[in-house]
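Peer 1: Okay, sequence plus prediction incoming.
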Amino acid sequence: MNIKEEITGAINRVEDLGQMMLRNPKVAADLIPSAVKGYVLQQGKNDTIGIVSPHKTFYDWTYSNEGNPAFRELYRKAYRGQWNAEDLPWDTNVDPENMGDLAILPEKLHPMYGSKYYSKDPKHNMREMHDVYGFLLSQFLHGEQGALYAAGMTVEATPWFGAKLYGATQVVDEGRHVEVFAKYIIEKLERLYHVNDNLFVVIHALNSSPDWDIKFLGMQIMIEGLALGAFGLFYKYTKEPLLKNLLKLVISDEARHVHYGVEALRDYYTKEVSDKLRKDREDWAYEVAVLLRNRFMFYEIREKYYGDKISREEWERTIMNSEIMKEFRRSLFTRLIPNLKAIGLLTDRIRPHYEKLGVIEYETMKAADKLSLSELLAA
Ligand SMILES: [Fe+2]
Ligand SMILES: [Fe+2]
């Protein structure tokens, strides 16, 4: 690891936080403690960590399930949609360095593909690709672990009894997702990477917030919106049958989770909260969208294969223009922007910021709760 470059990277991120502070000091104050732990103290690099959650657990002794009927429908749908991880064909022989008709991802999705830095040796490139999707799938796994705990927190923190019952099914779903991704990564790929620092910051921020709606906004809308896009992208490109099978099952669960988030927040943000709080949430969502957009800079791949060949700045420039990042940005925002609109957080006040990011065009697409499974699979 190059210490000078690490320090430069940390300074750049602190500058980003300064920009955030100018945009909304309250949101910056909420996110900065998590950013310091992720970017400066690098707590995501530890093997284990405890994060304190100060939310209230909301008890309801009436057990009244008369609220939003969508929660009841989702709850029943979740029962019908359960599947057993053991039923997947785990005896499939997976070759993580196959770049032919069983390739896990096509070579054109290597972040350096097409650049002058990309090796001309196909055998070497196969090894690099192995790390590229090992890194990406590891981030999926870490997001799933975050989702498991966030789902548990929403069960406690949501004020609606129907939402608590549905949330219990999401806990089971996320446990299964952690199980299948961990098994695939550890047994089939043998490439488990640590959590990326941007993802760590977002997970930390929603975990340590006292507000129940931030748990939903951060996890069900933002991280799971991104996950739906990213899983769909992998599903579209992978030719490896075990992974394709696994992703299809996971995506069918994730669609319910995002729908749950939309149902939980829609009326709350449009009818119940003050203008001031809604504006803060618009800004929180925007800042997190920027963090998630920068989530896959593949520094881990640079460190392993390119550290002595490309400066950090040049690496970032090349990645930002790579095919895989274009695909990731598109898949992230095609899911996220319509969801933010559905919950009332894409107002005229915040729209210019998304316009500047070049992603406002996605607002006319359907929100995840309105998409069929085949539409979700066609990412
Ligand atoms: Fe999940
Ligand atoms: Fe989920």
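Peer 2: Yep, that arrived. Ligands and ions are numbered 1, 2, ... in the order given.
Peer 1: Using PDB, list the CA coordinates for stretch 299-319.
Peer 2: Presented in PDB, the C-alpha positions along stretch 299-319 are these (Å, rounded to 0.1, in the frame of the first residue of the first chain):
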ATOM      1  CA  TYR A 299      -8.900   0.000  -5.600                       C
ATOM      2  CA  GLU A 300      -8.400  -3.600  -4.400                       C
ATOM      3  CA  ILE A 301      -7.800  -4.700  -8.000                       C
ATOM      4  CA  ARG A 302      -5.400  -1.800  -8.500                       C
ATOM      5  CA  GLU A 303      -3.500  -2.700  -5.400                       C
ATOM      6  CA  LYS A 304      -3.100  -6.300  -6.400                       C
ATOM      7  CA  TYR A 305      -2.300  -5.900 -10.100                       C
ATOM      8  CA  TYR A 306      -1.700  -2.300 -11.100                       C
ATOM      9  CA  GLY A 307      -0.300  -0.400  -8.100                       C
ATOM     10  CA  ASP A 308       3.200   0.100  -9.600                       C
ATOM     11  CA  LYS A 309       1.800   0.900 -13.100                       C
ATOM     12  CA  ILE A 310      -1.000   3.500 -12.700                       C
ATOM     13  CA  SER A 311      -1.400   6.500 -10.400                       C
ATOM     14  CA  ARG A 312      -4.500   6.600  -8.300                       C
ATOM     15  CA  GLU A 313      -5.800   9.600 -10.300                       C
ATOM     16  CA  GLU A 314      -5.300   7.900 -13.600                       C
ATOM     17  CA  TRP A 315      -6.900   4.700 -12.300                       C
ATOM     18  CA  GLU A 316     -10.000   6.700 -11.200                       C
ATOM     19  CA  ARG A 317     -10.200   8.500 -14.500                       C
ATOM     20  CA  THR A 318     -10.000   5.200 -16.500                       C
ATOM     21  CA  ILE A 319     -12.500   3.500 -14.200                       C
END
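Peer 1: Correct me if wrong: S115 contacts I319.
Peer 2: No - with contact defined as CB atoms under 8 Å, S115 does not reach I319; the gap is 9.4 Å. For glycine as for every other residue, the C-beta is placed from the backbone atoms N, C-alpha and C.
Peer 1: what does the protein have sitting close to ligand 1?
Peer 2: Counting by CB under 5 Å from the ion, the residues of the chain close to ligand 1 are 144, 147, 174, 177.
Peer 1: Comparing S115 and I319, which shows the higher neighbour count?
Peer 2: Counted by other CB atoms under 10 Å, S115 and I319 do not tie: I319 has more neighbours, with 20 against 16.
Peer 1: Skipping adjacent residues, who's closest to that one in space?
Peer 2: Closest residue to I319 in three dimensions, ignoring its sequence neighbours and counting by CB to CB, 6 or more residues apart in numbering: P111, at 5.1 Å.
Peer 1: The one you found contacts N321, correct?
Peer 2: No - using CB under 8 Å, P111 is not in contact with N321; the gap is 10.0 Å.
Peer 1: Between these two, point out the one with more neighbours.
Peer 2: Between P111 and N321, P111 has the larger neighbour count (other CB under 10 Å), namely 27 against 12.
Peer 1: quick one: contacts for that one?
Peer 2: 132, 298, 301, 318-319, 322, 324-325 (CB atoms under 8 Å, 6 or more residues apart in numbering).
Peer 1: Kindly recompute the last result at 6 Å.
Peer 2: Residues near P111 by CB atoms under 6 Å, 6 or more residues apart in numbering: 298, 319, 322, 324.
Peer 1: Buried residues, stretch 284-297. List them.
Peer 2: Using 16 or more other CB atoms under 10 Å as the burial criterion, the residues of stretch 284-297 that qualify are 284-289, 291-297.
Peer 1: do stretch 74-85 as well
Peer 2: Neighbour-count burial for stretch 74-85 [16+ other CB under 10 Å]: 74-75, 78.
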